[in-house]
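J.: Build me a model:
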Amino acid sequence: MIESRWLSPWLATHPRLVLGDRSFRFGVSDGELFSEYWKVTATAGRPELVIAGNRTGHFFHATMHEREEYWHLKISLPSGVIERPWRPPDVIPPGVRRLVQLVLPIEAVRHSRPRRSQRVVWYPVPPNSGTWVEFTILHTPSPPAIANADLLDSVSLADGTAVVVIARHAPAEPGSFTIPAEDPDEARRLLRQPGIAMLVHGVHPDGCIWFLQLESALRDTSTMSPTGDEQVYGRITPFLERVEAQLLAVPPAGQFMDVSPIQGEIMTWYARTRSLFSAVRVLLGAGYPEEAVILARSIFETSLQLEYLAAANETDRAALVLGEVSRATAAFRQLDEQRRLERPDAEQDADVDRHLDERVRMIQRAQRRFGVPRLRRFPGDHALARRFGHMGSYFGSRLASEMTHGGHLAQASRRSGRDGELKVVHRSDDLRQTAGVGTLAAEAALHAQRATAEIMAWDAKDVEALIQECAELDGAFEDAANRDRQHPSRQAT
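T.: Okay, the predicted model is just below:
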C-alpha cells in the first residue's frame, strides 16, 4: 500500500495513473506556464532505463544488469557523451536505490503549453523562488511506502523490478555553489539564449546522480509565441553576438591610430555606438528589452549622422562635425549657466570656462585648417531616415521609445491583467520584444560601422553579409509575429 503524509492539494485532485506501464511523462506547471517535461522509458527485453526531456533530448541512459559490476550509464551533454561504468547507488532499506534526482527551480517553469501536454503528469509549481521541485527516480523490487513525497507513477523493467518517480517541494539550496565547467564563457552564452536550458549534474554521496535545470529568466504567458516560434525568435541571441564581434574587430579596441581632428571626433561617435550596442546585448540577455531600446535609439540616431558624413565631401564633412561640436559646446555652456544661478562655485566656474573656451578655440583652428567657411548642422532624424531608407527603423525606435518614456503608455507596458486581475511586470523575457530591439540596434550599429569604415578607409568586408542577415532575420520575425496575431488564442483575447 502506498501511503503519503505529504498530502498536497494536487494529490487530492489528481487520480493515480495506472502503475506498471513502460513509460510516462512528468513536469511542473501552474496551468499557464510549463517546465520542460521528462519522459521515463523502460526498454523491452533488458533492464534499462532511458530519461529524456522534450527540449533536452535523450540525456540519461542507465543499464542495470543482474551483476552489479556490469552496470553502466551514458549521459548526453552538449559537449559530448559520457559513457562509463556505474557504481550502483547505495541500497536504502527495504532494497530501494535512488537512481536520479531532477531539481527544477521556479525559473524552469517558463514555457508555453507543449504538444501532447495532456499525456504529461504536471506537478504544481513551487510557491516561491525559495522552493524547488524535486523529482526522485527510485529503483525498487516493489512499490515502496512514500512518507514525505507524492508518487507520480512507475514503470516496470524487464527483470521484474520497478522504477518509481516521486515528487515534492523542497527548500532551495542555500547560499551559492560553484559549477565546474570546461568553458565558462560558453556556459554563460547558452544561458543567455531564450529557450535554452542547461542541466548541471553531479553525484550524491549515496551514488544517486542529480541534475539541476538552469534557465535564464521567468517569462510571462503573454510573451510566448502561441504558434511555437520560439526557435525563430531564439536566433537573435547568437546573431547579436556575431554583430558585437564584428563591431569590436574593426578597428580593434585599444589600438592607437593616426587621425585628423575631424576623424578623431568621428571615431568617438562610432566608439560610442559600439559601447552602446554591447550594453544593449547585456540588457536583452537580462530581460530588459524596454530599457535596451533607450540605447538602441541613440545608436540609430548616431548611425544616421555617420551615414550622412560618409556621403559628404571632405569640406562639408568637416563643417558638419565642427558644427555638431559647436552646438554641443553651446548647449553645455547654457546648462552650466543655469547651474551657476542655483549653485555658484568660483573654482568650478573657472574650470568650466577654461575648458569651454579651449573647445571654442579648437573649433576655430579646425575651421581655418580645413577651409570651412561656415559651420553646418545635420538635418533632422526624420529627413535622414527618409534619405537613407530607414523609415521603418525610425518609426520603430520612436514608438518603442514612447512606450518606455511616454508617461502613461510607458507605465501601461509594465503591467498585464485579465478578468479584473493586475500583474506588475519587473522584467520581460518576451522573445518578440527582444528580437525587435535586437535587430533595430544591430542594423543601426552595422550601418554605423559601414559608414565609418568608408570615411576612415577601413576594410570591413564582413559587415555587408551581417546587414543582409539582419534584414532576413527581421523578415522572419515579422512573419512569426503575423502568425502569432492570427493564432486563435490571440484573437480570442
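
J.: Where is the longest helix in this protein?
T.: Longest helix of the chain, by residue count under DSSP state H: helix 314-342.

J.: what's the average pLDDT for that helix?
T.: Average pLDDT, helix 314-342: 94.

J.: The next helix or strand after it to helix 314-342, inter-axis angle?
T.: The element immediately downstream of helix 314-342 (helix or strand, assigned by DSSP states H and E) is helix 346-370. Here helix 346-370 runs at 170 degrees with respect to helix 314-342, directions being taken by axes from the mean of the first three to the mean of the last three C-alpha atoms, to 10 degrees.

J.: And helix 346-370, what's buried?
T.: Going by neighbour count (16 or more other C-beta atoms under 10 Å), the buried part of helix 346-370 is Val352, Arg359, Ile363, Ala366, Gln367, Phe370. The way it works is simple: take the backbone N, C-alpha and C, and place the C-beta from them, glycine included.

J.: Just put those in JSON lines and tack on distance to Gly436.
T.: Formatted as JSON lines, the buried residues of helix 346-370 follow (distance: C-beta to C-beta, whole Å):
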{"residue": "Val352", "distance to Gly436": "41"}
{"residue": "Arg359", "distance to Gly436": "38"}
{"residue": "Ile363", "distance to Gly436": "39"}
{"residue": "Ala366", "distance to Gly436": "40"}
{"residue": "Gln367", "distance to Gly436": "42"}
{"residue": "Phe370", "distance to Gly436": "41"}
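
J.: got these as JSON lines, with pLDDT and distance to Gly31 columns?
T.: As requested, those are exported to JSON lines (pLDDT from 0 to 100; distance: C-beta to C-beta, whole Å):
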{"residue": "Val352", "pLDDT": "94", "distance to Gly31": "61"}
{"residue": "Arg359", "pLDDT": "92", "distance to Gly31": "62"}
{"residue": "Ile363", "pLDDT": "93", "distance to Gly31": "64"}
{"residue": "Ala366", "pLDDT": "92", "distance to Gly31": "66"}
{"residue": "Gln367", "pLDDT": "93", "distance to Gly31": "69"}
{"residue": "Phe370", "pLDDT": "91", "distance to Gly31": "68"}
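
J.: which ones are touching Pro88?
T.: Pro88 makes contact with Met64, Glu68, Trp71, Arg97, Gly207, according to C-beta atoms under 8 Å, 6 or more residues apart in numbering.

J.: Mark which of these are buried, thanks.
T.: Met64, Trp71, Arg97.

J.: can you give me the helices for the stretch 101-250 of the chain?
T.: 184-192, 230-233, 236-249 (DSSP state H, counting those that start in this stretch).

J.: just to revisit the earlier point, which one among the buried ones among the contacts of Pro88 gets closest to His169?
T.: Using C-beta to C-beta, Arg97 comes nearest to His169 of those, at 23.2 Å.

J.: Can you classify that closest one by secondary structure?
T.: State at Arg97, reduced to three classes by DSSP: H, G, I helix; E, B strand; the rest coil: strand.

J.: Bridged to it, which residues?
T.: Beta-bridge pairing of Arg97 under DSSP bridges involves Val91, His139.

J.: so it makes contact with Ile137?
T.: No: with contacts counted by C-beta atoms under 8 Å, Arg97 stays clear of Ile137, the gap being 9.7 Å.

J.: Just give the closest residue to Arg119, not the sequence neighbours.
T.: Leaving aside its chain neighbours, Arg119 sits nearest to Arg25 (5.9 Å; criterion: C-beta to C-beta, 6 or more residues apart in numbering).

J.: Report the buried residues of the helix or strand where that neighbour lies.
T.: According to DSSP H and E, Arg25 maps onto strand 23-29. In terms of neighbour count (16+ other C-beta under 10 Å), strand 23-29 has its buried residues at Phe24, Arg25, Phe26, Gly27, Val28, Ser29.

J.: And the second one, how far from Cys208?
T.: The reference is to Arg25. 21 Å (C-beta to C-beta, to the nearest Å).

J.: I am finished for the moment; much appreciated.
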